[in-house]
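Undergrad: here's a sequence, model it:
(chains A and B)
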Amino acid sequence: MFALKLKESSPVWVFYCFRFFCTLLIVVVNNYAMLTADIISTVEFNHSGELLATGDKGGRVVIFQQEPESKNQAQCRGEYNVYSTFQSHEPEFDYLKSLEIEEKINKIRWLPQKNAAQFLLSTNDKTIKLWKISERDKRAEGYNLKEEDGRYRDPNSVTTLRVPVLRPMDLMVEASPRRVFANAHTYHINSISVNSDHETYLSADDLRINLWHLEITDRSFNIVDIKPANMEELTEVITAAEFHPNQCNTFVYSSSKGTIRLCDMRASALCDRHTKLFEEPEDPNNRSFFSEIISSISDVKFSHSGRYMMTRDYLSVKVWDLNMETRPVETYQVHEYLRSKLCSLYENDCIFDKFECCWNGNDSVVMTGSYNNFFRMFDRGYRQDMTFEASRENSKPQSVLKPRKVSTGGKRKKDEISVDSLDFNKKILHTAWHPLDNIIAVATINNLYIFENKMN
Amino acid sequence: MFTKGTKRKFSDPGEEPASSGDPGPAAPSAAARTLSSSYSLQRQSLLDMSLIKLQLCHMLVEPNLCRSVLIANTVRQIQEEMTQDGTWHIMTQALAAAQCPADRLVATEVLCRQTDAAAQAGQSPKPFSVVGLQEGYHSEEVVMEGDVETEVTMSSLSPLSPQLSSASYLTGPFEVGPCWEEEDEEEDHSESSEPSLMSEHSRHPALEELFSDVDPSYYDLDTVLTGTPKMGPYDLLESLSSHGPTALSSSSSCRSDLNELDHIMEIIVGS
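TA: Okay, the predicted model is just below:
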């Protein structure tokens, strides 16, 4: 198992300091003889933070587990090692439409733990699956009718009876599909969200949102349908949806026009009429042909408290107070220097990149990705923002992550990067923050980086 | 009308003028406004780029609906602005002049097709009219029938380009093709097709007049979006841009109208 241990060292920064302790997916792949590190398409911590799941373009799910804290390095949290790998989705062919259905995992969401086993939902464009991940560390020995290798014994040869005993064995982690929720989405699923009642969940595609019960796979309720009667009149699609963390009747969904609708399922069976509509009026000074595209929301996340929600559009992260619909309470510019490059970003399709965003455990910091393998953090309380780079060169063991800066003015200072040298093929779309600790998981195209924060 | 009010920024000098950032000349008043030629060049180039992207959407195995919708909205926006400008009319007239030689191009294109199974698989999806697995075909049907009726009627309005209109007649029904034919015995089509035709006309009355002598289905954005390329990307580039066809279009043009080939085969076979 390849992992890097940390030692204590003095921080460079006063406020936030990142030590590097990391399991690179590509290295883990080598150890486990997988063919290639595929493009990572989703990253998600479970509710305790002990497990970290990643999904990739090849339909595989890889789960990392945090080792228990070692005694001699009390302040050093355990490292993450591969816990389980399984093929969640296979490529399919829709014969009716002559379309291939990609096996790429779009989203993974963990269920809260109820017993010894772990459960997660994983989805591709069309089908959601509930997976059970369980451990087996004991094996029964001494069957009466079976040999140890599994062959059946001749009953005539049995002269005595014995009680089988459980003997310890090497830990085996098994993943088995428990439910398959299929055939409910005409369009591509972009979001799944488990309800706080732990019994239902929603799945959203471009035009519809369905409500499922975790036990029932052959039907779902359609709760939002924005498909126009005449498809030629289609101008807006659903881009993300999420249940409220505490109120099981409330969910939000975002659109390609930059609006967020909050719906209350108690109001009506079909939540086409929103309870609240969050929309910021357009800034007339920044109006261009690309205004609508860059206002399209790529991700929406409730804060852990349930009081706020965060949205990510192409250039910014916005924090909204659920009690105020007219404008966000905070706006953070992720990479404003790209505003003058929108035409070329439109040409190379980068303008359609869907960046995700995440909250830290106590909702004081928000994080999102950018280009050139940069990721950005915004501290809401201290009003500070930081840029870091996830790359092998910059992430040596026992090193502190150096903050990066993109030079926007005329003169480029030392260590700054000019906008023209940014690599737009290196993008961080998926990030996740440990729910309790300051540990973050950042996915570049092919690699997963796990960083830990050491506060003094 | 034009509330852009922003000065155009040239903050990326490394790029060609046509692809720089925000196109938006300062426009104090409509009377005093004159569209600078570079702004209209930029806008035109953006329109061309967007239309190519939309055409390419049809080529992909799994078109991304969000992306298609956003590009389509951008095209609509440009289209509206150009209509208000009066430049839309000028452009379509220029296109009409270029129509006749383009007819032959369409005919040749129909003949030289690759029968690539994968490409054929890519033909069926239109960005929006995706048939549901568990829902009935009903709503999609209305859309498709609207397309058919629209194209048939409009092609009868364009006497100058009979070859093109016949090509559009060929493409029209096929795009609807298999699903529509399957549902033939189940639905009464005539009723539902008329209302959609009416709505088509009422939505763009000015545009219909402008396009009466031009194959209107190309510039009817809705028709473009529902995946009925009347002209292949080759023709699009030929007529719109001064750059001529690029390598991109030549590869996609072979894949673009397999639907037409199939439909022609059906007619020949007489099914």
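
Undergrad: in the stretch 51-200 of chain B, where is pLDDT below threshold?
TA: Scanning the stretch 51-200 of chain B for pLDDT under 70 picks out B:57-62, B:99-200.

Undergrad: what distance do you get for the closest residue to A:Pro281 other than its chain neighbours to chain B?
TA: Excluding the flanking residues, the one nearest A:Pro281 by CB to CB, 6 or more residues apart in numbering or on different chains is A:Arg327, at 7.4 Å. (Glycine included, C-beta is placed from N, CA and C.) To chain B, A:Arg327 is 20 Å away according to CB to the nearest CB, to the nearest Å.

Undergrad: how about the secondary structure of A:Arg327?
TA: coil (DSSP: H, G, I helix; E, B strand; the rest coil).

Undergrad: again with B:His263
TA: Quick answer, by three-state DSSP: B:His263 is helix.

Undergrad: how many other residues sit next to it?
TA: Number of residues near B:His263 (other CB atoms under 10 Å in any protein chain shown) recorded here: 20.

Undergrad: what's the answer for A:Ser220, then?
TA: There are 22 residues near A:Ser220, going by other CB under 10 Å.

Undergrad: list the contacts of it.
TA: Neighbour list for A:Ser220: A:181, A:184, A:203, A:210-212 [criterion: CB atoms under 8 Å, 6 or more residues apart in numbering or on different chains].

Undergrad: closest to chain B out of these?
TA: A:Ala184 (7.1 Å; CB to the nearest CB).

Undergrad: ok, that closest one - contacts?
TA: Contact analysis of A:Ala184 by CB under 8 Å, 6+ apart lists A:203, A:210, A:212, A:220, B:134.

Undergrad: what about B:Ser45, which helix or strand?
TA: Assigned by DSSP states H and E, B:Ser45 falls within helix B:37-59.

Undergrad: try B:Met82
TA: Going by DSSP H and E, B:Met82 is part of helix B:65-85.

Undergrad: what residues of that helix count as buried?
TA: Buried residues in helix B:65-85, counted by 16 or more other CB atoms under 10 Å in any protein chain shown: B:65-75, B:77-79, B:81-82, B:85.

Undergrad: also stretch A:89-107?
TA: A:89, A:92, A:94, A:97-107.

Undergrad: check A:Asp415 and give its pLDDT.
TA: At A:Asp415, the pLDDT value in this model is 81.

Undergrad: reformat the contacts of A:Ser220 as TSV; add pLDDT and secondary structure.
TA: Listed next are the contacts of A:Ser220 as TSV, based on pLDDT from 0 to 100; DSSP: H, G, I helix; E, B strand; the rest coil:
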residue	pLDDT	secondary structure
A:Phe181	98	strand
A:Ala184	96	coil
A:Ser203	98	strand
A:Asn210	97	strand
A:Leu211	97	strand
A:Trp212	98	strand
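
Undergrad: which one of these has the most neighbours?
TA: Highest neighbour count within those: A:Phe181, with 26 neighbours (other CB under 10 Å).

Undergrad: what pLDDT is listed against whichever residue of the stretch 351-456 of chain A sits closest to chain B?
TA: Residue nearest to chain B within the stretch 351-456 of chain A: A:Phe352 (4.9 Å; CB to the nearest CB). For A:Phe352, the pLDDT comes out at 97.

Undergrad: likewise for A:Glu215?
TA: For A:Glu215, pLDDT reads 97.

Undergrad: how close does it sit to A:Thr200?
TA: Note on A:Glu215: its distance to A:Thr200, by CB to CB, to the nearest Å, is 10 Å.

Undergrad: more neighbours: those two, which one.
TA: Remark: of A:Glu215 and A:Thr200, A:Thr200 carries more neighbours, 20 against 10, as counted by other CB under 10 Å.

Undergrad: quick check: which ranges of chain A have low pLDDT?
TA: A:1-37, A:70-77, A:394-399, A:454-456.

Undergrad: hmm, try it at 80
TA: Chain A contains residues with pLDDT under 80 at A:1-37, A:69-79, A:392-401, A:409-412, A:414, A:453-456.

Undergrad: find the centremost residue of it, please.
TA: Chain A has A:Val43 as the residue nearest its centroid, 3.6 Å off, counting by CA atoms, centre = their mean.

Undergrad: secondary structure element for that one?
TA: Using DSSP H and E, A:Val43 falls within strand A:40-45.

Undergrad: given that strand, what are its sheet partners and their directions?
TA: Here strand A:40-45 is paired, per DSSP bridges, with strand A:51-56 (antiparallel).

Undergrad: starting at the chain centroid, how far to the partner strand?
TA: Chain-centre distance of strand A:51-56: 8 Å, with CA atoms, centre = their mean, to the nearest Å.

Undergrad: which strands or helices does whichever helix or strand comes after it pack on?
TA: Sequence order places strand A:60-66 as the next helix or strand after strand A:51-56, per DSSP H and E. Strand A:60-66 sits against strand A:51-56, strand A:80-87, with contacts defined as 3 or more CB pairs under 8 Å, 6 or more residues apart in numbering or on different chains; DSSP states H and E.

Undergrad: now the angle from strand A:60-66 to strand A:40-45?
TA: 30 degrees (axes from the mean of the first three to the mean of the last three CA atoms, to 10 degrees).

Undergrad: which neighbours in the sheet does strand A:60-66 have, and how are they oriented?
TA: The pairing partners recorded for strand A:60-66 under DSSP bridges are strand A:51-56 (antiparallel), strand A:80-87 (antiparallel).

Undergrad: how about it, which residues are buried there?
TA: Under 16+ other CB under 10 Å, the buried positions of strand A:60-66 are A:60-66.

Undergrad: distance from it to the middle of the chain?
TA: 13 Å.

Undergrad: what about the closest residue to A:Lys354 other than its chain neighbours, neighbour count?
TA: Distances taken as CB to CB, 6+ apart put A:Ser298 closest to A:Lys354, at 3.8 Å, once the chain neighbours are dropped. Using other CB under 10 Å, the number of residues around A:Ser298 comes to 22.
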